[in-house]
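Q: Quick check, what structure comes out for this input:
(one chain, ligands or ions: 1)
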Amino acid sequence: MKKVIRLVREVLKWIRKGCIVSPRAIYRLSICFACKYYLVDKKKCIKCGCYMPLKTKLDTAKCPINKW
Ligand code: SF4
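A: From the prediction side, this is the model:
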């Protein structure tokens with residue numbers, strides 16, 4: 001439950017900032033695209049189960065295997 005609350009807070013923070021796609025988010029997503037744990041069709045990471053087009057935009061988000 002704490003994980004969901006933290007995710008909602010982060011998403012709201014991103015929305016309040018204007019839903020800007022930062023160069024850092026693009027960089028992170030490019031790493032995911034080349035990662036063996038990334039499911040291209042679902043746009044999800046099978047390590048953390050997250051939807052990566054959103055997760056990569058969140059300030060405090062981290063790759064579960066420290067690639068970014
Ligand atoms: S978050 Fe990390 S483990 Fe998951 S797809 Fe991206 S680079 Fe790979």
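
Q: And Thr36, its phi and psi?
A: Actually, residue 36 is Lys. It isn't Thr. phi -70, psi -10 (degrees, to the nearest 10).

Q: List the contacts of the most centrally placed residue in the chain.
A: Nearest to the geometric centre of the chain sits Lys55, at 1.7 Å (CA atoms, centre = their mean). Applying CB atoms under 8 Å, 6 or more residues apart in numbering to Lys55 gives the contacts Cys45, Cys48, Ala61. Every residue, glycine included, has its C-beta placed from N, CA and C.

Q: which residues sit in contact with the second one?
A: Neighbouring residues of Cys48 by CB under 8 Å, 6+ apart: Lys55, Cys63, Pro64.

Q: try it again with 10 Å
A: When contacts are counted by CB atoms under 10 Å, 6 or more residues apart in numbering, Cys48 is found next to Tyr37, Lys55, Ala61, Lys62, Cys63, Pro64, Ile65.

Q: which SS class is it?
A: coil (DSSP: H, G, I helix; E, B strand; the rest coil).

Q: So what does it have for phi and psi?
A: phi -110, psi -10.

Q: With the first one instead?
A: Backbone geometry at Cys45, expressed as degrees, to the nearest 10, gives phi -90, psi 130.

Q: Ile26 against Thr56, yeah?
A: Yes - if you go by CB atoms under 10 Å, Ile26 and Thr56 touch, sitting 8.0 Å apart.

Q: quick one: which of these two has more around it?
A: Comparing Ile26 with Thr56 by other CB atoms under 10 Å, the one with more neighbours is Thr56, at 23 against 11.
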